[in-house]
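[1] Fold the following and give me the result.
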Amino acid sequence: MTKIKLSLFIITITTLFASSNLSGQITSKEVDVLVGNAIEKFHVAGAAVAIVKDGKVIHKKGYGVKSIDTKSLIDEHTNFEIASNSKAFTTAALSILVDEGKLSWDDHVKKYIPEFKMYNDYVTENFTIEDLLCHRSGLGLGAGDLMMFPDGTDFTIKDVIKSFQYFAPVSGFRTQFNYDNQLYLVAGEVIARVSGMSWEAFIQKRIMEPLQMQNSFSSISQVKDINLMASPHSSESGSIKKISLYGAMVNGAAGGIVSNVDDMSKWMLVQLNKGKYGSGLDKQLFTKERQNEMWTIHTVDQINPNPRYNQHFNGYGLGWNLSDMKGNLSVSHTGGLPGMLSIVTMIPDLNLGIVILTNTENGGSGVFSSVSQTIIDSYLGLNDFGWVDKYAAYFKSQKESGDDVTKKVWETASKAKNTTIKNEDLIGLYEDKWFGKIEVFLKGNQLWFKSYRSPKLNGPMSFYKANTFAIKWDYKDMNCDAFAMFNLDENGKAQSIKMKGISPNIDFSFDFQDLNLQRIKN
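    Numbers count the residues shown, from 1 in each chain. Alright, predicted model coming up:
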């Protein structure tokens with residue numbers, strides 16, 4: 001969710017600096033100080049950190065509180081929603097099925113899901129299982145994510161499968177990296193149809209149980225006592241506020257897992273042990289061949305041309321981001337849901353793994369980025385770069401510039417509040433082929449927008465300029481207010497609506513720009 005902006009920041013800031021050697025690797029006490037400083041600087045309620053090295057867990061600890069209301073402390077067993085770090089579990093599940101001869105990476109998706117349909121016939125017929133996993137479909141960044149953001153929508157896996165035909169591609173098939181969540185949901189459905197059990201049941205039975213991830217769950221709906229989890233928080237308003245947990249998804253293949261740093265340590269160890277686990281590494285979750293496939297770049301992305309890490313390659317494998325740092329392979333992924341932000345990073349050449357789970361938006365990504373990079377730097381023999389302060393300054397700048405944009409929008413809307421509007425030309429039902437119906441109507445004297453299939457997307461519409469209105473959603477867990485631009489006929493009557501986010505800091509999953517809302521009969 002913040003990967004793109006953070007990557008650009010790293011490129012910018014590290015290009016200016018060279019490296020020098022540290023006297024030694026970071027200690028647990030130094031990690032405590034580092035995390036405490038990061039939590040304070042980024043205004044985060046809490047976090048949990050685990051480090052594995054040379055086959056052993058050398059650090060696992062909780063910091064801060066699960067909830068600012070209860071003040072209950074986080075420990076290594078506290079569960080968080082790990083969001084997109086679930087994707088690697090999906091590719092591991094498919095790897096197990098490949099090892100068992102039940103499918104091949106090169107199998108066409110239509111072999112298992114005949115109703116699967118993309119934006120043209122060639123792509124539909126040639127789309128493979130592998131293509132579902134490496135973000136090279138030709139679709140735009142986050143295409144279709146409004147079916148799952150905010151949560152509480154009524155979209156089903158059938159809706160997801162048939163939605164892709166309605167999106168216009170932004171690049172050629174298999175030519176460009178554009179992060180995609182919805183195709184991972186399709187991958188989860190492939191697992192269900194091939195294995196005969198749901199994605200959630202497969203992950204629980206075939207991965208979590210063998211690895212003894214006893215306190216982890218493949219779905220938030222399986223958690224028996226939500227009060228034992230870390231609660232998500234938002235600092236968007238300037239002070240930390242507790243918000244609601246993100247609800248169950250269509251399936252969890254893109255981001256549904258709930259886990260903790262104790263269990264995630266076991267997950268990193270099986271990855272670093274090339275699929276082997278158990279006291280004598282005598283058991284195999286997936287083969288070394290499958291791991292090589294997951295850890296091979298399938299979609300090339302922009303490299304980070306700086307002297308600090310001397311990077312030569314960067315791209316996406318199957319459920320993992322892959323790059324090099326000072327000649328060492330880096331395998332990582334981030335995850336983000338409202339108020340829940342996480343990172344898993346492994347340096348296999350150093351037999352090193354780090355997992356950081358946080359429970360506050362937006363500062364959580366600052367915590368996991370600065371802390372993980374500082375720990376990695378210590379093992380690479382690099383100088384203390386002051387990542388916490390650098391990220392804090394960057395985040396502050398980004399928030400202030402975004403807030404300045406949105407402030408000006410609402411100031412303009414406030415000044416225009418007495419503009420005479422012919423509401424009767426705008427009110428009515430509109431429909432998008434993949435998102436369904438929305439309604440523009442009068443609520444008292446206020447023009448209002450509501451989505452029929454995504455109930456949290458409703459709120460007042462304020463005139464902005466020309467044919468454009470600004471919508472302030474009732475949903476406040478994330479910064480996602482939007483513009484609605486009406487297209488009028490020769491008589492001034494609205495025929496369609498296009499939309500886009502207001503803030504430059506809006507999460508890419510609010511893909512309002514992909515909507516094409518056409519007026520339908522009342």
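[2] contacts and neighbour counts: CA atoms only from here.
    Will do.
[3] The closest residue to T412 other than its chain neighbours: neighbouring residues, count only.
    The shortest distance from T412 to any residue that is not its chain neighbour, by CA to CA, 6 or more residues apart in numbering, is 6.3 Å, and that residue is Y464. Other residues near Y464 come to 23 when the count uses other CA atoms under 10 Å.
[4] which parts of the helix or strand harbouring Y464 are buried?
    Y464 is located in strand 458-465, with elements delineated by DSSP states H and E. Along strand 458-465, these residues count as buried under the neighbour rule (16 or more other CA atoms under 10 Å): 458-464.
[5] Strand partners (parallel or antiparallel) of that strand?
    Each strand that strand 458-465 pairs with, and the sense of that pairing, follows from DSSP bridges: strand 446-451 (antiparallel), strand 468-471 (antiparallel).
[6] which helix is the longest one in this protein?
    The longest helix of the chain (DSSP state H) is helix 387-415.
[7] packing partners for that helix?
    Counting contacts by 3 or more CA pairs under 8 Å, 6 or more residues apart in numbering; DSSP states H and E, the secondary-structure elements packed against helix 387-415 are helix 28-42, helix 363-380, strand 458-465, strand 468-471.
[8] re earlier: right, so the strands paired with strand 458-465: which one is the most enclosed?
    For these, ranked by mean neighbour count under the definition mean count of other CA atoms under 10 Å, the leader is strand 468-471 at a mean of 22.
[9] can you list contacts of that strand?
    409-410, 413, 449, 459-464, 481-486, 502 (CA atoms under 8 Å, 6 or more residues apart in numbering).
[10] ok, the residue nearest to V409 when sequence neighbours are not counted - contacts?
    Taking CA to CA, 6+ apart as the measure, V409 lies nearest to Y464, with 7.5 Å between them; neighbours along the chain are not counted. For Y464, the contacting residues are 409, 412-413, 416, 470, taking CA under 8 Å, 6+ apart as the criterion.
[11] The residues you listed into a markdown table, with extra columns for pLDDT and distance to E40?
    What follows is these, written out as a markdown table (pLDDT from 0 to 100; distance: CA to CA, whole Å):
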| residue | pLDDT | distance to E40 |
| --- | --- | --- |
| V409 | 97 | 31 |
| T412 | 97 | 35 |
| A413 | 96 | 36 |
| A416 | 93 | 40 |
| A470 | 98 | 34 |
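[12] export stretch 389-400 as PDB, just CAs?
    As requested, C-alpha coordinates have been extracted for stretch 389-400 and formatted as PDB (Å, rounded to 0.1, in the frame of the first residue of the first chain):
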ATOM      1  CA  ASP A 389      14.700  10.400  11.800                       C
ATOM      2  CA  LYS A 390      15.000  10.400   8.000                       C
ATOM      3  CA  TYR A 391      11.700   8.500   7.600                       C
ATOM      4  CA  ALA A 392      10.000  10.700  10.200                       C
ATOM      5  CA  ALA A 393      11.000  13.800   8.300                       C
ATOM      6  CA  TYR A 394       9.900  12.300   5.000                       C
ATOM      7  CA  PHE A 395       6.500  11.200   6.400                       C
ATOM      8  CA  LYS A 396       5.900  14.600   7.900                       C
ATOM      9  CA  SER A 397       6.700  16.200   4.600                       C
ATOM     10  CA  GLN A 398       4.400  13.900   2.700                       C
ATOM     11  CA  LYS A 399       1.500  14.400   5.100                       C
ATOM     12  CA  GLU A 400       1.900  18.100   5.200                       C
END
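[13] what's the spacing between that stretch and its chain's center?
    Here stretch 389-400 shows a centroid-to-chain-centroid distance of 20 Å under the convention CA atoms, centre = their mean, to the nearest Å.
[14] Could you do stretch 168-176 as well?
    Between the mean C-alpha location of stretch 168-176 and the chain-wide mean there is a distance of 21 Å, by CA atoms, centre = their mean.
[15] what do you get for stretch 49-66?
    Averaging C-alpha coordinates over stretch 49-66 and over its chain gives two centres that are 22 Å apart (CA atoms, centre = their mean).
[16] quick one: buried residues of that stretch?
    Judged by neighbour count (16+ other CA under 10 Å), stretch 49-66 contains these buried residues: 49-53, 55, 57, 59-66.
[17] what does it rub up against?
    Contacts to stretch 49-66, defined as CA under 8 Å, 6+ apart, come from residues 28, 35-36, 39, 45-48, 71-76, 78, 229-231, 261-262, 265, 268-269, 272-273, 350-357, 359.
[18] Separate out the buried members of the residues you listed.
    Among the contacts of stretch 49-66, those that count as buried by neighbour count (16+ other CA under 10 Å) are 35-36, 39, 45-48, 73-76, 78, 229-231, 261-262, 265, 268-269, 272-273, 350-357, 359.
[19] quick one: low-confidence ranges for the chain?
    Along the chain, the model assigns pLDDT under 70 to residues 1-24, 522.
[20] As a check, name the ranges of all helices in it.
    3-14, 28-42, 87-99, 109-112, 121-126, 157-163, 182-195, 199-203, 261-272, 288-294, 363-380, 387-415.
[21] If you count neighbours, what's buried in the shortest one?
    Going back to what we said before, that points to helix 109-112. Applying a neighbour-count criterion of 16+ other CA under 10 Å, the buried positions in helix 109-112 are 109-110, 112.
[22] Present those as TSV; the columns should include distance to F512.
    Formatted as TSV, those follow (distance: CA to CA, whole Å):
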residue	distance to F512
V109	27
K110	29
Y112	31
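[23] Name the nearest of those relative to I376.
    Nearest to I376 among the buried residues of helix 109-112, counting by CA to CA, is V109 at 38.3 Å.
[24] isn't E115 right up against S163?
    No. Assessed by CA atoms under 8 Å, E115 is found out of contact with S163, at 11.0 Å.
[25] more crowded one of the two?
    Between E115 and S163, counting by other CA under 10 Å, S163 is the more crowded of the two (21 against 13).
[26] separation between the more buried one and I297?
    Here the criterion is CA to CA, to the nearest Å. By it, S163 lies 27 Å from I297.
[27] Check S237 too.
    39 Å.
[28] Over to F217?
    Per CA to CA, F217 is found 29 Å from I297.
[29] Repeat that for S221.
    Taken as CA to CA, the span from S221 to I297 is 34 Å.
[30] same question, K205
    Counting by CA to CA, the separation of K205 from I297 is 29 Å.
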